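Asker: 3D, please:
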Amino acid sequence: MSRTFSEEVKEELVRAPFGTKDEIRAELLGFIKSRGDFDLKRRQLIFSLHSFAASRRLLNLLKHLSVPVLEIVVERTHNIKKRFIKVVSEYSESFMMVDPFSDVALFASFLRGLFLSGGSMTDPRYHYHLEINLFEKGVLESTKEHLKKYFNIKAGILELQNAHKLYIKSIKDIGVFLEIIGVQRKLQEIERVVTERKVISDVNRTVNFIEANAVRTAESTARQIKAIELVKKRIGLDKLPEDLRKVALARLRNKELSLRELGKRLNLTKSQLYSKLKRIIKMAERFGDVK
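Answerer: Okay, the predicted model is just below:
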């Protein structure tokens, strides 16, 4: 089964180096706030994850903090393509004693835990969107505030029925976020994709402009020809002033040329030629519709 772009990012994050004990606790706290549940009676902490990469990182975090893992269960959900990984560990009050918002390094570790356990992002080839799902709105509001404070990242919060979602839509901010939490290799791929999308977008814009300009030119030329033919039929081109007669004849003989090209042949600027053709069109409008 092919992996999603999010899972590929998380696979890279599994290998991110571990920092100080407090940074490890801050990352674990990100897991707890996103996908952790307490059983205070049994003094257990229960994690519910959908990512194998996230579960491996969690087990390594617990190992670094010497926290016994009591149970690991892999179950299928109602969606047969997804698995549910349940990790049960002992609970300690020390898990909650770190303030992830007090320090940039701690906050970065906390963000890594949040993204690994409850985050996802779309493939940048199709759309720019990163999000993190949490149950605690207060945690997301603080996260949003400190993303702006520490890294100038603009994030939004969406309220759902049973949870809340923090999201980032700017590809620039998404790139900064991923760099903060330790993504390097996939970030290079994202930057390449973004560059390719920009080039394609610029090319499409240019092609659309050229096509639209060609249509406008063709419609303008057709109107000029129609006006000249109408004047020729009603009064004859020989009745026109000499400068207009030359322009009319040149246009009839060179229907494929642009105004600039035709102007060069007549030793006229584009503006001068346009003005003379406009006079012919105004004259033709007295005899009928030239649109």
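Asker: you'd agree residue 221 is up against residue 255?
Answerer: Yes - under the criterion of CB atoms under 8 Å, residue 221 makes contact with residue 255 at 6.4 Å. Placement of C-beta: from N, CA and C, glycine included.
Asker: Need the three-state assignment for the residue nearest the centre of the chain.
Answerer: The residue lying closest to the centre of the chain (CA atoms, centre = their mean) is residue 128, at 2.5 Å. Here residue 128 is recorded as coil under DSSP: H, G, I helix; E, B strand; the rest coil.
Asker: In the stretch 151-291 of the chain, where is pLDDT below threshold?
Answerer: Scanning the stretch 151-291 of the chain for pLDDT under 70 picks out 199-204, 206-207, 209-211, 214, 289-291.
Asker: continuing past the strand or helix carrying residue 105, what's the next helix or strand?
Answerer: Using DSSP states H and E, residue 105 sits in helix 104-118. Sequence order places strand 119-121 as the next helix or strand after helix 104-118, per DSSP H and E.
Asker: Show the secondary-structure elements that that following strand is packed against.
Answerer: Strand 119-121 sits against helix 5-13, strand 130-134, with contacts defined as 3 or more CB pairs under 8 Å, 6 or more residues apart in numbering; DSSP states H and E.
Asker: got the contact list for the residue nearest to residue 112 when sequence neighbours are not counted?
Answerer: For residue 112, ignoring the flanking residues on the chain, the nearest one in space by CB to CB, 6 or more residues apart in numbering is residue 181 at 4.1 Å. Residue 181 is in contact with 13, 16, 108, 111-112, 115, counting by CB atoms under 8 Å, 6 or more residues apart in numbering.
Asker: my read is residue 276 is in a helix, agree?
Answerer: Yes - the assignment for residue 276 (three-state DSSP) places it in a helix.
Asker: which residues touch it?
Answerer: Neighbouring residues of residue 276 by CB under 8 Å, 6+ apart: 243-244, 247, 268.
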